[in-house]
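1. Attaching a predicted model along with its sequence, questions to come.
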Amino acid sequence: MRRNLRSPCGLSKGRLLQRIPEEVFSQRACGVTSITGLASEGRGQGIPILNPQKIQQSKFMDKKLDGKKVAILVADGFEQVEMTKPREALKEAGAETKIVSIKSGQVRGMNHDEKGDKFDVDLTLGSAQAVDFDALLMPGGLLNPDAMRQEESALEFVRGFFDAGKPVAVICHGPQVLINADLVRGRTMTSWPALKVDMKNAGANWIDEEVVVDNGLVSSRNPDDIPAFNKKMIEEFAEGKHDGMHQQPEKSAPVALET
């Protein structure tokens, strides 16, 4: 006879997993000391296994961003998952998001080297202002930042967040825009590895880590880093303004560039 394991909240562990497979239950209230333990007991018994990544996301996304408004700056050719996954995390945390782009209409994402989906643009750079937002998300991709960094209106929009001390999250090739806006100097950051030399030549302290936080500036390397990126993004956006965002060292004398 199989023993019916019960928790203090009156449900067997198996039934508890069946009833709330997509949510995190209170470990303290139900006397559960290990979610992993519950999952392992359910293997082979027809009991759904909780998704550890979903559990981790739920822990830090509990409406921390209620009332926050986040701009997502993209042009055609952005890496789609670097926009959609962070945007999903922001919405789950209670934030309102707006896609800001060079032109009105729609922008198309990319799935690596293949065309992705189209997304409606909420505001153009001609009408969007940093003062109307609490934070900024900058996805990467090859074509997207290359187009953005040539638009003075995009550079001014981004500078507005740094000048006001508002948090910014940037991933992959996104820092190219920050280089052109002269916003990486003196900051510790990461990026797509191919940008390492460009970042260092622009004055950044570049390090190879999945996510780096420097006074409200969150940076990551690639789509594989998105879970860690999302977690730190939510934390920094929830904290609000950071005084260190707008403080950069004075330009020093020219130094030999890396190649």
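-> Right, received. Where do you want to start?

2. What number of residues are in the vicinity of I72?
-> Other residues near I72 come to 24 when the count uses other CB atoms under 10 Å. For every residue, glycine as well, the C-beta is placed using N, CA and C.

3. Same question for the one 10 residues further on.
-> Number of residues near E82 (other CB under 10 Å) recorded here: 29.

4. What pLDDT is listed against it?
-> We have a pLDDT of 98 for E82.

5. The nearest residue to Q106 once chain neighbours are set aside in helix, strand or coil?
-> In space, and not counting its chain neighbours, Q106 is closest to K118: 4.3 Å by CB to CB, 6 or more residues apart in numbering. The local conformation at K118, judged by DSSP: H, G, I helix; E, B strand; the rest coil, is strand.

6. Please name the bridge partners of K118.
-> Under the criterion DSSP bridges, K118 forms beta bridges with R108.

7. Use 660 as the first number for this chain going forward.
-> Okay, residue one is now 660; in that scheme the one you just asked about reads as K777.

8. Tell me the confidence at it?
-> 98.

9. wouldn't it be in contact with S760 here?
-> No: using CB atoms under 8 Å as the test, K777 is too far from S760 to be in contact (11.6 Å).

10. Looking at these two, which is more packed in?
-> The neighbour comparison of K777 against S760 (other CB under 10 Å) goes to S760, with 27 against 12.

11. Name whatever forms a beta bridge with the more buried one.
-> Here S760, judged by DSSP bridges, has bridge partners T783.

12. so it touches A730, yeah?
-> No: if you go by CB under 8 Å, S760 and A730 don't touch, sitting 10.4 Å apart.

13. excluding its backbone neighbours, what's nearest the residue nearest the centre of the chain?
-> Of all residues in the chain, the one closest to the mean position by CA atoms, centre = their mean is N889, 3.9 Å from it. Of all residues not flanking N889 in the chain, A748 sits nearest, at 4.1 Å (CB to CB, 6+ apart).

14. Below-threshold pLDDT in the stretch 760-909 of the chain: ranges please.
-> 905-909 (pLDDT under 70).

15. Report how many residues lie close to L795.
-> Applying other CB under 10 Å, I find that L795 has 23 neighbouring residues.

16. Is the residue nearest to N889 in contact with F896, as I believe?
-> No: if you go by CB under 8 Å, A748 and F896 don't touch, sitting 10.0 Å apart.

17. okay, those two: which has more neighbours?
-> F896 (25 against 22).

18. This protein: helices as residue ranges?
-> Using DSSP state H, the helices of the chain run over residues 672-678, 686-689, 694-701, 711-719, 740-751, 802-807, 811-822, 834-839, 855-860, 885-898.

19. any idea of the pLDDT on F684?
-> For F684, the pLDDT comes out at 38.
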